[in-house]
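**Student:** coordinates for the following, if possible.
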Amino acid sequence: MLYVNPGAIIAAVNATNRAIEQAKERREAGKLKKEARAAETPPERLTQIAWAALRRKTEQPKVWQAVLDTIAGNAGSPPETLALLVARCPRAICGNPVIPMLMLGQPEWLNTVSPADLGPLLRLPDVSEALVAGIAAFHPDPEATLAARLHVAFDGEAKAGWEQEMSAYWWDRTTESNTGYSDRELERDLAESDLAPEWIAGPRPWREPARRYTLTRQKPESSLRVKSPSLLEAEDPATPVRQLARLAHSKEHSVVVAVSLNPASTAAVLRRICRRQWVRLEKTAVYYRWMVPEWVAERAVSHPNADAWLLRRLARSPQPIVRRLARRHSNAPEDLRRWCRSSCLRGIRDDLQNPHVTPSSVLSRFFLLQRPEIGYRSLWRAADSRFWHDRLAATMNPRIDRFRLRRLAKDANIWVRAAAQKRLRGERISWDHGSG
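**Tutor:** Purely as a prediction, here's the structure:
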């Protein structure tokens with residue numbers, strides 16, 4: 001008797017249906033590509049085709065990428081559509097014959113494109129001089145303007161003294177008045193962890209980490225409500241430790257806050273609060289990371305009864321202020337700095353998994369990517385990044401291989417080219433970290 005495996009039949013039917021759907025999709029993409037290539041296609045229709053290809057989630061991305069490349073190379077495409085496709089089709093944009101005339105008549109057509117989306121375009125060494133000059137002259141974002149001015153098509157190769165210019169640029173980043181609170185805390189955290197030179201945190205004396213969550217919010221007298229018995233127990237220093245451990249599992253936010261501020265709370269109670277508030281933070285589409293919320297971590301790390309085990313776990317927090325407070329704790333173990341360093345390096349690895357997001361602190365990321373502790377995969381991603389400062393940091397990393405150095409020596413950024421060429425000659429990049 002012949003035995004037929006039903007699972008194999010179902011798999012064969014599914015494969016046949018998938019092949020039929022892919023064939024239909026290729027025929028549809030071919031029709032749209034033929035329509036997008038035609039010179040008589042109106043601009044409105046080209047925009048519709050571009051949006052249809054961008055929204056299509058498919059197993060055949062190369063099929064729809066060919067449609068987008070055709071639209072980006074069509075001289076009849078409107079400027080808004082070309083700006084939409086800059087990050088996805090940079091080579092097709094460069095080959096569009098209408099770009100030189102567009103830069104003369106409407107040079108600000110790229111002003112709506114973010115510096116992150118301009119990165120793939122400015123990575124190409126064969127970009128026209130008119131396009132680079134237009135970005136440098138008319139783009140409102142200073143990061144995009146700087147990237148265009150450092151392009152090899154703007155003013156040729158790097159001149160003598162480029163290392164001093166690069167040093168002055170990074171020194172100026174430390175004195176910017178618009179540096180955010182979290183970025184400045186991260187720079188100080190790197191300096192205290194010996195992951196970066198001290199001058200990146202600005203002139204001394206540095207401000208001590210501000211404890212923003214050590215006190216509860218005080219409400220006006222008119223809005224004070226009657227406190228619950230659980231809250232009164234959580235605030236009372238005479239409450240037994242066993243009862244505080246029960247209150248640590250309360251669903252009321254104010255009760256948990258009061259327990260974390262109670263001087264009678266032991267290290268076991270604080271660990272229970274952290275475990276109770278442990279959350280899953282989504283970093284990218286495929287990577288997840290566990291962490292303690294900031295309002296819990298800052299209170300726990302500021303408590304005098306926090307033990308070495310809890311401080312080690314909180315030192316792995318992605319928040320730099322929590323790591324700085326952990327190092328200053330009286331119960332901090334000797335190996336706490338190693339835990340803080342591993343957290344910083346892991347944060348860079350997580351950021352590089354999403355190459356389309358602009359880094360929050362460019363200065364900190366630049367110095368972290370130069371560390372020899374960076375893994376090879378993160379280093380390779382940095383060498384292929386759309387941001388020029390990531391590629392420059394990868395060039396200066398001592399673990400970079402000669403294959404990638406030869407590729408970076410042909411980069412569009414003049415600082416990256418010069419640094420890679422100097423590394424290939426066996427010379428050391430000598431730039432003054434501190435004087436600017």
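
**Student:** what ranges does the stretch 251-400 of the chain have for its helices?
**Tutor:** Listed in chain order, the helices of the stretch 251-400 of the chain (DSSP state H, counting those that start in this stretch) span 253-261, 267-276, 294-302, 308-314, 320-327, 336-352, 362-368, 376-383, 388-396.

**Student:** select, out of these, the one closest to residue 125.
**Tutor:** The stretch from these with the least distance to residue 125 (C-beta to C-beta) is helix 388-396; that distance is 12.5 Å. Bear in mind the C-beta positions are built from the backbone N, C-alpha and C, glycine included.

**Student:** phi, psi for residue 249 please.
**Tutor:** Listed backbone geometry of residue 249 is phi -100, psi 10, with angles given as degrees, to the nearest 10.

**Student:** same thing with residue 413?
**Tutor:** Comment: the main-chain dihedrals of residue 413 come out as phi -80, psi 130, following degrees, to the nearest 10.

**Student:** excluding sequence neighbours, find me the nearest residue to it.
**Tutor:** With sequence-adjacent residues excluded and distances taken as C-beta to C-beta, 6 or more residues apart in numbering, residue 413 is closest to residue 388, at 4.3 Å.

**Student:** what about that neighbour, how many neighbours?
**Tutor:** If you count neighbours by other C-beta atoms under 10 Å, residue 388 ends up with 23.

**Student:** with the one 4 residues further on instead?
**Tutor:** Burial of residue 392, expressed as a neighbour count using other C-beta under 10 Å, amounts to 28.

**Student:** now the spatially closest residue to it that is not a sequence neighbour: which helix or strand?
**Tutor:** Taking C-beta to C-beta, 6+ apart as the measure, residue 392 lies nearest to residue 416, with 5.0 Å between them; neighbours along the chain are not counted. Secondary structure from DSSP states H and E places residue 416 in helix 414-424.

**Student:** what's next to that helix, contact-wise?
**Tutor:** Among residues not part of helix 414-424, those counted as contacts by C-beta atoms under 8 Å, 6 or more residues apart in numbering are 150-152, 155-158, 162, 166, 388, 391-392, 395-396, 400, 402, 405-406, 408-411, 428-429.

**Student:** re the thing from before, distance of the residue nearest to residue 392 relative to residue 108?
**Tutor:** 27 Å (C-beta to C-beta, to the nearest Å).

**Student:** between these two, who's got more neighbours?
**Tutor:** Neighbours per residue, other C-beta under 10 Å: of residue 416 and residue 108, the larger number sits with residue 416, 27 against 14.

**Student:** coming back round to it: okay if I get the helices of the stretch 251-400 of the chain as JSON lines plus mean pLDDT and distance to residue 198?
**Tutor:** As requested, the helices of the stretch 251-400 of the chain are arranged in JSON lines below (pLDDT from 0 to 100; distance: least, C-beta to C-beta, whole Å):
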{"stretch": "helix 253-261", "mean pLDDT": "86", "distance to residue 198": "33"}
{"stretch": "helix 267-276", "mean pLDDT": "85", "distance to residue 198": "31"}
{"stretch": "helix 294-302", "mean pLDDT": "81", "distance to residue 198": "23"}
{"stretch": "helix 308-314", "mean pLDDT": "86", "distance to residue 198": "24"}
{"stretch": "helix 320-327", "mean pLDDT": "83", "distance to residue 198": "14"}
{"stretch": "helix 336-352", "mean pLDDT": "73", "distance to residue 198": "15"}
{"stretch": "helix 362-368", "mean pLDDT": "83", "distance to residue 198": "11"}
{"stretch": "helix 376-383", "mean pLDDT": "88", "distance to residue 198": "23"}
{"stretch": "helix 388-396", "mean pLDDT": "92", "distance to residue 198": "18"}
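
**Student:** can you redo those as a markdown table with distance to residue 193?
**Tutor:** Compiled in a markdown table, these are given as follows (distance: least, C-beta to C-beta, whole Å):
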| stretch | distance to residue 193 |
| --- | --- |
| helix 253-261 | 26 |
| helix 267-276 | 22 |
| helix 294-302 | 16 |
| helix 308-314 | 14 |
| helix 320-327 | 8 |
| helix 336-352 | 5 |
| helix 362-368 | 10 |
| helix 376-383 | 18 |
| helix 388-396 | 17 |
